[in-house]
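Chemist: Fold the following and give me the result.
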Amino acid sequence: MKKLFYFLSIVVLTACAELTAVIDTYNASAPLTENEVANGLREALRVGTDSASARLGQTNGYYGDELVKIMLPKEADIIVKNASKIPGGDKVIEDVVKHINRAAEDAAKEAGTVFWGAIKQMTITDAFNILNGENDAATQYLKSTTYDELFKLYNPKIQSSLDKEIAAGISPNMSWETLTSKWNTIADNPLGQLAGLNTVNVDLDAYLTEQALNGLFIKIAAEEELIRKDPLARVNDILKRVFGS
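Modeler: Numbers count the residues shown, from 1 in each chain. Alright, predicted model coming up:
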């Protein structure tokens, strides 16, 4: 009797397992519903933005990554190249660059909240356009819906960092103004004009904020492409279902 019961149990369990496998296979091959696509894309954006923000929000997230490290404007290249001719000039410039990147790293920690607000407002149409779009379609969606708010988040932190002292009585802004004013004095005089020198007139904090956001979206685009192309990057069932279809 026990042997019969044991045998029947195995038969039932095997049948259940086979039925579950059939159901799973059917579900995996069934057409995606609109809700599945929308939820899958929201989850992909959440995973991608969380990962990008977390990486950039770490110490050296910007400063230690040559791909997104924020440098001074190209208009200042001539100053940077000649900084070594000014006593302590190289260190001043590197301190300015470091503090700018530290401010961006600080702002990145709070970017997730901004992204989540846009992700929750995504429509079904948005989701299908992203799913069938280019490898950076989700990134472009986020850029169009969050850029202004992110600029407002990053810009005050960049401004604050530029005003912070990096030495006794010296801030990045003061260093920048000193460097550019000296250069502009030379560029503006007759000899400078004759030599074809151009003055450096850049809204520094706006420029640096734009560079910080460019770096943020570069990282988000990389995360998006990974989820689209690499099955191992699809960390949950909804991502596997949507992007594996």
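
Chemist: Return the residues in contact with the residue most central in space within the chain.
Modeler: By Cα atoms, centre = their mean, the chain has its centre lying nearest to L216, at 2.3 Å. L216 makes contact with 52-53, 56, 68, 108, 111, 150, according to Cβ atoms under 8 Å, 6 or more residues apart in numbering. Just so you know, the C-beta spots here come from the backbone N, C-alpha and C atoms, and that holds for glycine as well.

Chemist: Of those, select the buried ones using a PyMOL command.
Modeler: Buried members of these can be picked out in PyMOL with the line below, counting by 16 or more other Cβ atoms under 10 Å:
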select buried, resi 52+53+56+68+108+111+150
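
Chemist: and the two most separated of the contacts of L216?
Modeler: Using Cβ to Cβ, the contacts of L216 span at most 14.4 Å, a distance reached by V68 and L150.

Chemist: follow-up on the earlier one: the residue nearest to the centre of the chain in helix, strand or coil?
Modeler: The assignment at L216 comes out as helix when based on DSSP: H, G, I helix; E, B strand; the rest coil.

Chemist: neighbours around T145, how many?
Modeler: Neighbour count for T145, taken as other Cβ atoms under 10 Å: 17.

Chemist: Look up the closest residue to Y62, ignoring the ones flanking it.
Modeler: Spatial nearest neighbour of Y62, chain neighbours left out: N101 (4.2 Å); criterion: Cβ to Cβ, 6 or more residues apart in numbering.

Chemist: who touches the one helix or strand that neighbour maps to?
Modeler: Here N101, judged by DSSP states H and E, is contained in helix 89-108. With contact meaning Cβ under 8 Å, 6+ apart, helix 89-108 is reached by 53, 56-63, 69-72, 79-80, 82-84, 86, 153-154, 157-158, 160-162, 164, 166-167, 170, 172, 175-176, 179, 208, 212, 215-216.

Chemist: Kindly export that helix (C-alpha atoms) in CSV.
Modeler: Taking C-alpha atoms only, helix 89-108 is exported to CSV below (Å, rounded to 0.1, in the frame of the first residue of the first chain):
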residue,chain,number,x,y,z
GLY,A,89,49.1,77.0,-11.5
ASP,A,90,48.8,73.3,-12.3
LYS,A,91,47.7,72.5,-8.7
VAL,A,92,45.1,75.3,-8.8
ILE,A,93,43.6,74.0,-12.0
GLU,A,94,43.5,70.4,-10.8
ASP,A,95,41.9,71.5,-7.5
VAL,A,96,39.2,73.3,-9.5
VAL,A,97,38.6,70.2,-11.6
LYS,A,98,38.4,67.9,-8.6
HIS,A,99,35.9,70.1,-6.7
ILE,A,100,33.7,70.4,-9.8
ASN,A,101,33.6,66.7,-10.1
ARG,A,102,33.0,66.2,-6.4
ALA,A,103,29.9,68.5,-6.7
ALA,A,104,28.6,66.4,-9.6
GLU,A,105,29.1,63.2,-7.6
ASP,A,106,27.1,64.7,-4.8
ALA,A,107,24.3,65.7,-7.1
ALA,A,108,24.2,62.3,-8.7
